[in-house]
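Colleague: Have a look at this prediction, sequence included:
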Amino acid sequence: MKTEKKKKRLNKKLSRIIDSAYALYEIVYNETGIPVNYKFLDVNPLFEKISGLLKKDIIGKNTGDIIPINSVDIIKKYTKTVKTGKSRTFEYNFGEYQAIYKVKVSKLSKNKIISVFYDISDKKKLEQDLIIAEEKAKQSDKLKTSFLSHISHEIRTPLNAIVGFSDFLGEDINDEDKRLYSEIIKNSSNDLLNIITDILDIAKIESGHTKMTKEGFSVNQLMSELYEYFQYKKNKLNKNHIAIKYKQRLTETKAVIISDKNRVKQVMVNLLENAFKFTSEGFIEFGANLNEKKKILELFVSDSGIGISKEKQKFIFDSFRQADESTSRVFGGTGLGLSISRGLARLIGGDLFMKSKEGPGSQFIFQIPYLPVETKKDSLLDVKKSFNIPKGKKILVVEDIYSNFELVNGILEPYKLKIIHAYSGLEAIKLFKTNIDTDIIMMDMRLPDIDGFEVTSIIKNIKPDVPIIALTAFATKSDKDSAIDAGCDDFLVKPFKIEMLLQAIEKHL
């Protein structure tokens, strides 16, 4: 019975050897009886395959002559087996496949040893993958801990202001302090809302629950709205020393595309907010470039801010990372904006990447698929024909965004009107004084020098009966009330429909 079991174990062992690569050696002794080398007696085809050595080239030759690079180490291991008579196991890498093998060396007799090579590459790779996964898990935990600590600080900061100043409002304080405290509470509430929105957005993106909607819209119009908003924000933040440049490079017909307008706007707002945050002087420039051959629309935001080093660019789009991860971050923020932006860009079918180096500023490029919308000229002509606007009337269009002026000019072109264009508030006043017979004025309310409210008031003092139609991207009731109080006769919100503009002009001419 014992003999049968021993036989089975031996057969199993032989089977494993046959299925593996092996080499049989003759032990080469020196004159003092010490093993110094190992002569190849036999190898199997699998050994030839993994080693790249052919049997006919190595039989009868010493290991030291055939494998000169690693022969000293191999000979030492073989010699220990010969001296002790005990089998040894070690790892070895050779051959064109660069696989890793477990080598088991056994002494068969006084003059012979055999080495069997077992491929453990998959096992070693699995071990390495587990080590990497463990390191990533540790890093992820570290980042999440850092993120939670930071986000806790970001949430507590506005909450502290909200709770603290709310308590003050319950005390006996003067009206000026009440207005100040109310403004602080309002701003802190907006900060808190933005933080919560960021956290919800990244959670939706990572879980795949973000919904996309496709619609036709004008990229030029969207960019103009962003320009107006950030000009307003620049004034509000007292950053008038920073130049905001909008480069329009798309014609009106090519600017109308199909995509998710709200998501495109969200990404651009995130990029522009970042540019404002990290730029203390110089410029912020944005616009769009069209690659018709590749059918890609590239929206870009460039700035002269602090820039980002190559090393930190590797993780700038990660969810829990910022370029500055110190506990005393100068610029604040959740560190989720760029991660959200890239996630949204890819959901739209595009991508977001950057060009930057520490010092001379950054450029972010937001690519989206270019899906143009064919404009229906006939139906537009029918709309224009339905309004009775007298020819030859003089109209002053006050608009600092050239694309917006071109839009108004294109709509009014069939009516053969005399159109005057002013880029700024001061230019508008000067042009009106030299064109006192102007019949109607289209007034943008956000201008680079003095705002449209003040310009309207000045012009109305000069000629009270001239009709002024406010054109603005800001649609709150307070904006409308301010425009009417300044003297505007009508109020249109951008983007406006063509018939709404024509109807307003027809009404006041």
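Modeller: Structure received.

Colleague: rest of the way, CA atoms for contacts and neighbours
Modeller: OK.

Colleague: so Leu299 sits in a helix?
Modeller: No - using DSSP: H, G, I helix; E, B strand; the rest coil, the assignment for Leu299 is strand, not a helix.

Colleague: Quick check: it vs Met223, distance?
Modeller: 10 Å (Cα to Cα, to the nearest Å).

Colleague: overlap in contacts of these two?
Modeller: Gly287 (Cα atoms under 8 Å, 6 or more residues apart in numbering).

Colleague: Any idea which residue is closest to the centre of this protein?
Modeller: Arg342 (3.3 Å; Cα atoms, centre = their mean).

Colleague: Same question for that one, what's its three-state structure.
Modeller: Under three-state DSSP, Arg342 comes out as helix.

Colleague: Which residues does stretch 427-442 contact?
Modeller: So stretch 427-442 is contacted by 393-398, 422, 455, 458-459, 463, 466-471, 505, 508-509 (Cα under 8 Å, 6+ apart).

Colleague: Name the residues of stretch 472-489 that are buried.
Modeller: Thr472, Ala473, Phe474, Asp479, Lys480, Ala483, Ile484, Ala486, Gly487, Cys488, Asp489 (16 or more other Cα atoms under 10 Å).

Colleague: same thing with stretch 29-43?
Modeller: Pro35, Val36, Asn37, Tyr38, Lys39, Phe40, Leu41, Asp42, Val43.

Colleague: Dump those to JSON lines, plus pLDDT.
Modeller: Converted to JSON lines, those look like this (pLDDT from 0 to 100):
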{"residue": "Pro35", "pLDDT": "89"}
{"residue": "Val36", "pLDDT": "87"}
{"residue": "Asn37", "pLDDT": "88"}
{"residue": "Tyr38", "pLDDT": "89"}
{"residue": "Lys39", "pLDDT": "91"}
{"residue": "Phe40", "pLDDT": "91"}
{"residue": "Leu41", "pLDDT": "93"}
{"residue": "Asp42", "pLDDT": "93"}
{"residue": "Val43", "pLDDT": "91"}
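
Colleague: Point out the ones among the residues you listed that are inside strands.
Modeller: Pro35, Val36, Asn37, Tyr38, Lys39, Phe40, Leu41, Asp42, Val43 (DSSP state E).

Colleague: how about the strands in the stretch 201-350 of the chain?
Modeller: Counting by DSSP state E, counting those that start in this stretch, the stretch 201-350 of the chain has these strands, from start to end: 215-218, 242-247, 256-259, 282-291, 296-303.

Colleague: Ignore what I typed, I meant the stretch 1-150 of the chain.
Modeller: Secondary structure of the stretch 1-150 of the chain by DSSP E, counting those that start in this stretch: the strands cover 21-29, 35-43, 88-94, 99-107, 112-119.

Colleague: One more: the stretch 351-500 of the chain?
Modeller: Remark: strands assigned in the stretch 351-500 of the chain by DSSP E, counting those that start in this stretch are 351-356, 362-369, 394-398, 418-422, 440-444, 468-472, 490-493.

Colleague: May I see the ones you listed organised as CSV, with distance to Ile284 and mean pLDDT added?
Modeller: Formatted as CSV, the strands of the stretch 351-500 of the chain follow (distance: least, Cα to Cα, whole Å; pLDDT from 0 to 100):
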stretch, distance to Ile284, mean pLDDT
strand 351-356, 14, 86
strand 362-369, 10, 93
strand 394-398, 24, 95
strand 418-422, 24, 94
strand 440-444, 22, 94
strand 468-472, 22, 90
strand 490-493, 26, 88
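
Colleague: Compute the number of surrounding residues for Ala428.
Modeller: 23 (other Cα atoms under 10 Å).

Colleague: Asp303 too?
Modeller: Other residues close to Asp303 by other Cα under 10 Å number 29.

Colleague: and the closest residue to it other than its chain neighbours, how far is that from Phe364?
Modeller: Counting by Cα to Cα, 6 or more residues apart in numbering, Asp303 lies nearest to Ile284, which is 4.4 Å off, once chain neighbours are set aside. Distance, Ile284 to Phe364, using Cα to Cα: 12 Å.

Colleague: can you list residues touching both of those two?
Modeller: Listed as contacting both Ile284 and Phe364 by Cα under 8 Å, 6+ apart are Val301, Ser302.

Colleague: which other helices and strands contact the helix or strand harbouring Leu200?
Modeller: When secondary structure is defined by DSSP states H and E, Leu200 falls within helix 175-207. Applying 3 or more Cα pairs under 8 Å, 6 or more residues apart in numbering; DSSP states H and E, we find helix 175-207 packed against helix 121-169, helix 337-348.

Colleague: wait, Ile184 sits on Ala161?
Modeller: Yes - in terms of Cα atoms under 8 Å, Ile184 counts as a neighbour of Ala161; the distance is 7.3 Å.

Colleague: That'll do, ta.
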